[in-house]
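Novice: One predicted model, sequence on top.
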Amino acid sequence: MIMPDSFEFSDTSNPQTDFVELDGGQPVPGATAQFLSFDFCSDGFFAHAALAHFAIGIRGRIPRDEHGRPRAVVGRGFIIGHTHLVLPDPERPGHGGCRCHAELPDGQRPGMAQIESYWEGGNFLHAGSCRPAEGLVDGVNYRFELEVTESALIRLGLGRAGADRLDQVTAADGHHPVPSHLTGLWIGLASGPKNRGPWRARFSNVRYGWRAGQV
């Protein structure tokens with residue numbers, strides 16, 4: 001099973017069932033990191049799905065119930081979209097959504113990318129990892145590069161597709177209960193309340209595999 005080179009989500013996608021996922025296979029000899037990279041371009045997603053985001057995870061899996069429905073997502077990765085309603089939690093230092101544009105109204109608030117880890121029964125949004133400062137907007141083709149090492153270091157590179165250099169942010173995540181032996185990759189939609197209007201989001205130029213960790 002392979003992940004397609006390109007695929008789309010839209011306002012008609014079902015967050016409960018419409019996942020793109022595969023088993024990433026065993027690491028090649030000498031590899032210390034799994035990676036996933038892709039281009040992303042949206043039409044109306046950041047404006048019309050003002051409380052939604054895409055969740056992306058690697059070194060993970062999607063556990064399912066007896067009917068085959070996802071009951072959780074597990075792995076380490078990042079989100080693309082809106083997390084501004086997730087407030088800081090004094091009992092979980094460093095956890096919280098991207099609130100740098102929280103004062104803007106729905107429809108005008110740009111999206112963000114943010115590192116996140118996921119496990120059955122919990123998650124952790126790394127509040128200090130929100131990128132880029134100006135936010136993400138519809139109609140721009142972005143490039144994302146995710147890497148997770150065997151020591152649970154998460155590296156995210158992002159910028160405009162075709163740029164000579166991507167902005168880099170990292171987060172050490174070894175203190176969270178994500179199993180270290182997993183090899184799956186997945187992308188899914190975490191939807192908020194009813195959309196304000198139609199939208200589409202396209203993932204393309206998808207690449208993934210194993211390599212010696214860069215961080």
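Specialist: Received it, and whenever you're ready, just let me know what you need.

Novice: all contacts plus neighbour counts: C-alpha atoms, from now on.
Specialist: Noted.

Novice: Could I get the full set of helices for the chain?
Specialist: Secondary structure of the chain by DSSP state H: the helices cover 45-48.

Novice: Against the centre of it, work out the most remote residue.
Specialist: Residue farthest from the centre of the chain, counting by C-alpha atoms, centre = their mean, is residue 29 at 26.9 Å.

Novice: show me what contacts residue 188?
Specialist: 15, 18, 19, 20, 54, 55, 56 (C-alpha atoms under 8 Å, 6 or more residues apart in numbering).

Novice: Against residue 34, how distant is residue 151?
Specialist: 11 Å (C-alpha to C-alpha, to the nearest Å).

Novice: Those two - which one has more neighbours?
Specialist: residue 34 (25 against 13; other C-alpha atoms under 10 Å).

Novice: That one bridge partners, please.
Specialist: Counting by DSSP bridges, residue 34 forms beta bridges with residue 148, residue 210.

Novice: Is it correct that residue 130 is in contact with residue 114?
Specialist: Yes: if you go by C-alpha atoms under 8 Å, residue 130 and residue 114 touch, sitting 4.6 Å apart.

Novice: and for those two, which residues touch both?
Specialist: residue 98.

Novice: who has more neighbours, those two?
Specialist: residue 114 (26 against 22).

Novice: Would you agree residue 201 is in contact with residue 11?
Specialist: No: using C-alpha under 8 Å, residue 201 is not in contact with residue 11; the gap is 9.1 Å.

Novice: I am finished for the moment; much appreciated.
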